[in-house]
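Chemist: build the 3D model from these lines:
(chains A and B)
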Amino acid sequence: MGENKQIRLLLLIFLFGAVGFLNLFLIQGNKELTPIILYGVIILLMSYSYFIIKRFFVDGDTFIFMIACLLTIIGIIFLYRLDILNLYLHNQDMLANVKQPRNITNYGLKQLIYFAIGITLYLIIIIILRNFKRLRKYKYIYLAATLIFMCLSTFFGTEILGAKNWVFVFGYSFQPSEFGKIFLVLYLASALDKYESWKDLIEPAVLVTISLLFMVLQRDLGSALIFFGISVTMLYIASSKFKYILTCLVLFFVGSFISYKLFYHIRKRIMIWKQPWAYANNESYQVVQSLIALGEGGLFGKGLGFGHPEFVFANASDFIFVTICEDLGMLMGFAILILFFILFYRCMRAALRAKDNFSRLVAVGYSSMIAAQTLVIVGGVTNAVPLTGITLPLISAGGSSLIITYFALGVIQKISEEGKM
Amino acid sequence: MRDWHKLVSLCIRGDGMSLASLKYVFTIGLLAIIYFIIAYILKLIYRDVKEEGREKLPDKPLGLEVLKSFKEGKLKKGSIVPIYKETTIGRGKDNTIFIDDPFVSTKHARIIIKNNSCYLEDRGSTNGTLLNGEIVTGIVKLKRDDQIEIGKMIFKIIG
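Modeler: Residues are numbered from 1 along each chain as shown, chains lettered A, B, ... in the order given. Got it, this is the predicted structure:
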């Protein structure tokens, strides 16, 4: 593939960013240069990383990097758009002497910092990991790390928005289950690497069950769903036996039925999913507002900065897809889904071409992690599946999620390099 | 520029509607660019898939020169073997370079080209591989004029 063509693609991505940030600069109503500065830093970061990848790691897959950066740029554009909105609302409230004015947010700048950390991590992985296969030896380290991260928020967690999945350390908050995911994939890959009979599956099955139990206890149903998706996909790739998948699905349905009977919050989610309009002012307020916003946006949207995401709950994290669809329409939503699909295809391609089983399983695990997360949250906000609060990878505000996704993509990039050997 | 900015921010606050149509320009622009990017990526990927089968040769082709050989055969002293993406050395007949020497293991070593540089890996041989007189463990990077010693054979990297 010609290098010129790739640089042209990079320039197109820069052009997209330029139009988006120019739009933000014009709608913010003051002459602050923040959007221009954000754009400049993004360009510098992307060009530098592209230069490193192209100069020293020719064999790797550049599409993964390009698409991930494009999605992050879309995310930062919309997060800064929400900052503008929140500042405006704050000023309105101050003028009206409201007792508790709505908060000023700083999503855009924070996301840029996380993007910088993520991309640095991505480059460090590509540079440092010389021989990826060697990592398969540390199976029990991954096992311990998974267990620690899974149970961390059950014991030290703080409850935010009904799910007890945040941990505060020295003023910084993070979601341990995000880090747990990374280690779960590494553990499953090293455990299923030498799969021979069903006896090899007992240990991973126990760990996955424990993790799922912790997730249900923390009421983090979205993460539980994703863990299940990742484990089943990796099991199928490792064993290629359909009867295991069938067993897993049966167990999944039994487990969901039991938890449906046991926990009130699961019953509530299902109730909202089945009849969102019946409880529009109470339980299903969030989903109904999101559906209204999606309908308002229509096919072409109301224009960047002209929608009303202030009515949508968690508009920067879980519901950011709705914010995007309201402003730029379903067409932008489809574009994002297509981009995620191409990203998934490139990641799976790296897995297909990997020479050893461990690398293949890790690549499959991480790419199914990203795909499952996208499907669960996009399905959730459009009420196609019961809504569970998780982030849209690469786009939602949130440091843990963004950094973890870049880590996973870095590993896949490294594996894609090995594949050409 | 300053007046224009004021005008645009006015129209966005709803005070002046004359320039509100600017938002359509931005929406159409953003959508057009993103779909163009998608089409472009698909085109590049298509080209990539089509060229899959073809072996890409490294920018600077490398070769192995036999410096010392233990018997006259195909691999006699002074002969040159080109290095491809993966060159394996050993006593087994399926190796790229096959040496019929009892001191050489069946799967002895291999030379890989990755990211335009050349690496030597010892594949768990019994008697080891020497690079410039030192035993190789794991994967090491090769430079030009490095000498590789396997059994009684000595190779030199040329390029």
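
Chemist: A:Phe306: neighbour count?
Modeler: A:Phe306: 15 surrounding residues under other C-beta atoms under 10 Å in any protein chain shown. Where C-beta positions appear, they are placed from N, C-alpha and C, glycine not excepted.

Chemist: for it, give me the pLDDT.
Modeler: Looking at A:Phe306, its pLDDT is 86.

Chemist: that one - nearest residue in space that isn't next to it in sequence?
Modeler: B:Lys23 (5.8 Å; C-beta to C-beta, 6 or more residues apart in numbering or on different chains).

Chemist: how about the secondary structure of the residue in chain B that chain A sits nearest to?
Modeler: Distance from chain A to each residue of chain B (C-beta to the nearest C-beta) is smallest for B:Lys23, at 3.2 Å. Assigned with DSSP: H, G, I helix; E, B strand; the rest coil, B:Lys23 falls in the helix class.

Chemist: residues in contact with residue 63?
Modeler: Just so you know, I chose chain A. By C-beta atoms under 8 Å, 6 or more residues apart in numbering or on different chains, A:Phe63 lies in contact with A:342-343, A:346, B:41, B:44-45.

Chemist: try chain B instead
Modeler: B:Gly63 makes contact with B:80-83, B:157-159, according to C-beta under 8 Å, 6+ apart.

Chemist: please name the nearest non-neighbouring residue to the closest residue to chain B within chain A.
Modeler: Nearest residue of chain A to chain B, counting by C-beta to the nearest C-beta: A:Gly303, 3.2 Å away. Nearest non-adjacent residue to A:Gly303, counting by C-beta to C-beta, 6+ apart: B:Lys23, 3.2 Å away.

Chemist: swap in A:Arg346?
Modeler: Closest residue to A:Arg346 apart from its sequence neighbours, by C-beta to C-beta, 6+ apart: A:Phe63 at 4.8 Å.

Chemist: and the one you found, what element?
Modeler: Per DSSP states H and E: A:Phe63 is located in helix A:62-95.

Chemist: name the element residue 140 belongs to?
Modeler: Chain wasn't specified; assuming chain A. Going by DSSP H and E, A:Tyr140 is part of helix A:139-156.

Chemist: please refer instead to chain B.
Modeler: Assigned by DSSP H and E, B:Val140 falls within strand B:139-141.

Chemist: around A:Ser215, how many other residues sit close by?
Modeler: Careful, residue A:215 is Met and not Ser. 25.

Chemist: looks like it contacts A:Ser177 (just checking).
Modeler: Yes: counting by C-beta atoms under 8 Å, A:Met215 does reach A:Ser177; the two are 6.6 Å apart.

Chemist: which neighbours do these two share?
Modeler: Shared contacts of A:Met215 and A:Ser177, counting by C-beta under 8 Å, 6+ apart, come down to A:150, A:223.

Chemist: and residue 51, what's its pLDDT?
Modeler: Went with chain A since none was named. 91.

Chemist: try again with chain B
Modeler: pLDDT, B:Glu51: 74.

Chemist: how about the one 4 residues further on?
Modeler: On the pLDDT scale, B:Glu55 is placed at 54.

Chemist: same check on A:Glu418?
Modeler: You'll see A:Glu418 listed with a pLDDT of 74.

Chemist: any idea how far A:Lys133 is from it?
Modeler: 8 Å (C-beta to C-beta, to the nearest Å).

Chemist: between the two, which has more neighbouring residues?
Modeler: Taking other C-beta under 10 Å, A:Glu418 and A:Lys133 do not tie; A:Glu418 has more neighbours (22 against 15).

Chemist: so who does that one touch?
Modeler: A:132, A:354-355, A:359 are the contacts of A:Glu418 under C-beta under 8 Å, 6+ apart.

Chemist: tally of neighbours for the residue nearest to A:Gly303?
Modeler: Residues within reach of B:Lys23, counting by other C-beta under 10 Å, total 22.

Chemist: that one touches A:Gly305, doesn't it?
Modeler: Yes: counting by C-beta under 8 Å, B:Lys23 touches A:Gly305, with 7.4 Å between them.

Chemist: up against chain B, what does the stretch 201-350 of chain A have?
Modeler: When proximity is defined by C-beta under 8 Å from any C-beta of the partner chain, the stretch 201-350 of chain A lies next to chain B at A:300-306, A:328-329, A:331-332, A:335, A:338-339, A:342, A:345-346.

Chemist: and those residues, which of them are buried?
Modeler: For those, a burial check counting by 16 or more other C-beta atoms under 10 Å in any protein chain shown picks out A:301-305, A:328-329, A:331-332, A:335, A:339, A:342, A:346.

Chemist: and the gap between the nearest residue to B:Ile33 once chain neighbours are set aside and A:Leu70?
Modeler: Distances taken as C-beta to C-beta, 6+ apart put A:Phe16 closest to B:Ile33, at 4.6 Å, once the chain neighbours are dropped. Going from A:Phe16 to A:Leu70 by C-beta to C-beta gives 7 Å.

Chemist: intersection of neighbour lists for the two?
Modeler: Common neighbours of A:Phe16 and A:Leu70 are listed as B:Ile37 (criterion: C-beta under 8 Å, 6+ apart).

Chemist: of these two, which one has the most company?
Modeler: Remark: of A:Phe16 and A:Leu70, A:Leu70 carries more neighbours, 26 against 21, as counted by other C-beta under 10 Å.

Chemist: what sits against the more buried one?
Modeler: Taking C-beta under 8 Å, 6+ apart, one finds A:13, A:16, A:339, B:37 in contact with A:Leu70.

Chemist: interface residues of chain B facing chain A?
Modeler: Residues of chain B lying close to chain A (C-beta under 8 Å from any C-beta) are B:2, B:5, B:8-9, B:12-13, B:22-24, B:26-27, B:29-31, B:33-38, B:40-42, B:44-45, B:47-48, B:51, B:85-86, B:112, B:114-116, B:138-139.

Chemist: now, those residues that are in strands?
Modeler: Cross-referencing those against strands under DSSP state E gives B:86, B:112, B:114, B:139.

Chemist: which SSE is residue 110 in?
Modeler: Since you didn't name a chain, this refers to chain A. helix A:107-128.

Chemist: chain B, not that one
Modeler: Using DSSP H and E, B:Arg110 maps to strand B:109-114.

Chemist: low pLDDT regions in the stretch 51-200 of chain A?
Modeler: Scanning the stretch 51-200 of chain A with the threshold set as pLDDT under 70 gives A:161-164, A:171.

Chemist: flag every residue of it that's near chain B.
Modeler: Residues of the stretch 51-200 of chain A found near chain B (C-beta under 8 Å from any C-beta) are A:56-60, A:63, A:66-67, A:70, A:130-131.

Chemist: repeat that for 10 Å
Modeler: For the stretch 51-200 of chain A, the contact set with chain B under C-beta under 10 Å from any C-beta of the partner chain comprises A:55-63, A:66-67, A:70, A:74, A:77, A:88, A:130-131, A:134.

Chemist: I'd like the next helix or strand past the helix holding A:Tyr140.
Modeler: Once helix A:139-156 ends, the next helix or strand along the chain (criterion: DSSP H and E) is strand A:158-160.

Chemist: quick revisit: can you give me the pLDDT of the residue nearest to A:Phe306?
Modeler: 82.

Chemist: A:Gly365 now?
Modeler: Looking at A:Gly365, its pLDDT is 94.

Chemist: show the contacting residues for it.
Modeler: Counting by C-beta atoms under 10 Å, 6 or more residues apart in numbering or on different chains, A:Gly365 touches A:181-182, A:184-189, A:192, A:230-231, A:233-234, A:237, A:351, A:408, A:411-412.

Chemist: A:Met369 too?
Modeler: A:181-182, A:184-185, A:226-227, A:229-230, A:233-234, A:347, A:393, A:404-405, A:408.

Chemist: also A:Ile113?
Modeler: With contact set as C-beta under 10 Å, 6+ apart, A:Ile113 has these partners: A:41, A:106, A:399, A:402.
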